[in-house]
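> turn this into a model:
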Amino acid sequence: QVQLVESGGGLVQAGGSLRLSCATSGRTSSAYFMGWFRQAPGKEREFVAAWSDSSQYYAHSVKGRFTISRNNAQNTVYLQMNALKPEDTGVYYCAAAPMRSYRDSYYFRAGSYDYWGQGTQVTVSS
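Got it, this is the predicted structure:
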């Protein structure tokens, strides 16, 4: 069983920065694909970023502004968010999935993940 707990959300002005953390426990290891997703009110959950042992991936809307990283010693995954925009507002979720023999693009979909955190709210004011 895998447990994920997000933290670090809050209210920030446009152009500001936040760093989200996802503390992992249970059977997590570098053999897991880790993802960040977000969901705005009235919208579907959307892919933000993903991390594997060899690669990192980003949605087009956040590329160049967000950075996903992992500290294996602390069992924590981070999402550094810079140059925030009002359209980045939403609940941000951390997710984990065991590595499977699929293309990495498989992990751009929320349905590909087995474990989810409870989410942390990010609000960007204009």
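
> now the strands for this protein?
In the chain, the segments counted as strands under DSSP state E are 2-7, 10-13, 18-26, 32-39, 46-51, 56-58, 66-71, 76-81, 90-98, 115-116, 120-125.

> most tightly packed of those?
Comparing the strands of the chain by mean neighbour count (mean count of other CB atoms under 10 Å), strand 32-39 ranks first with a mean of 24. Glycine gets a C-beta too; all of them are placed from N, C-alpha and C.

> so for Ser105, which of the strands of the chain sits nearest?
Evaluated over the strands of the chain, closeness to Ser105 peaks at strand 56-58, with 8.2 Å, by CB to CB.

> mean confidence for that closest one?
For strand 56-58, mean pLDDT rounds to 96.

> that one: how far from the chain's middle?
Relative to the centre of its chain, strand 56-58 is centred 10 Å away, using CA atoms, centre = their mean, to the nearest Å.
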